[in-house]
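K.L.:
Quick check, what structure comes out for this input:
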Amino acid sequence: QVQLAESGGGLVQAGGSLSLTCAASGSIFTINAMGWYRQAPGNERELVATINSGGAINYADSVKGRFTISSADSVKGRFAKNTVYLQMNSLKPEDTAVYYCTVWGYSAARTPFNHWGQGTQVTVSS
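P.N.:
Below you'll find the model as predicted:
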């Protein structure tokens, strides 16, 4: 089994910053990609940002230039400490949502997996 431990989040005023951390642990052979999605009340879950083991990054248009995703190891091809970070700057009230960490990889048994964290609340007040 793979577990995801999310931390960070909370309440901040518009224009402020928050950071999120997600660490994967358990029966992991390799991680191919990690990322963050979010879901606001009444809305579908949507992509925020992803990063793969080759260092390729994908952002939602709504967060480009404000959010930065990074992994614990800048060396391409590895997720050192199996950890991903999301630095969120210039936050807006519309960023308010539950943020979910997700991971794709292969288990120690060499079977593919995709797991999700339990989510962490981010609230931006106007």
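K.L.:
Using neighbour counts, pick out the buried residues of stretch 117-126.
P.N.:
Going by neighbour count (16 or more other Cβ atoms under 10 Å), the buried part of stretch 117-126 is Gly117, Gly119, Thr120, Val122, Val124. For glycine as for every other residue, the C-beta is placed from the backbone atoms N, C-alpha and C.
K.L.:
Would you format the residues you listed as a markdown table with distance to Ser71, pLDDT and secondary structure included?
P.N.:
Formatted as a markdown table, those follow (distance: Cβ to Cβ, whole Å; pLDDT from 0 to 100; DSSP: H, G, I helix; E, B strand; the rest coil):
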| residue | distance to Ser71 | pLDDT | secondary structure |
| --- | --- | --- | --- |
| Gly117 | 16 | 96 | coil |
| Gly119 | 20 | 96 | coil |
| Thr120 | 18 | 97 | strand |
| Val122 | 20 | 98 | strand |
| Val124 | 25 | 98 | strand |
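K.L.:
In these, find the pair that's most separated.
P.N.:
Maximum pairwise distance in the buried residues of stretch 117-126, criterion Cβ to Cβ, is 20.1 Å, between Gly117 and Val124.
K.L.:
so Gln87 bridges to which residues?
P.N.:
As for beta bridges, Gln87 partners with Ser19, Thr68 under DSSP bridges.
K.L.:
Local confidence estimate at it?
P.N.:
pLDDT recorded at Gln87 is 97.
K.L.:
Nearest residue to the middle of the chain?
P.N.:
With distances taken as Cα atoms, centre = their mean, Trp36 lies nearest the centre of the chain, 2.9 Å away.
K.L.:
can I assume that one is in contact with Val103?
P.N.:
No - Trp36 sits out of contact with Val103 when judged by Cβ atoms under 8 Å, with a separation of 10.7 Å.
K.L.:
Can you pull the residues that touch both of the two?
P.N.:
Common neighbours of Trp36 and Val103, counting by Cβ atoms under 8 Å, 6 or more residues apart in numbering, are Cys22.
K.L.:
tell me the contacts of the residue nearest to Gly10 when sequence neighbours are not counted?
P.N.:
Leaving aside its chain neighbours, Gly10 sits nearest to Leu18 (6.3 Å; criterion: Cβ to Cβ, 6 or more residues apart in numbering). Contacts here follow Cβ under 8 Å, 6+ apart; on that basis Leu18 touches Gly8, Gly9, Gly10, Val12, Met88, Leu91, Val122.
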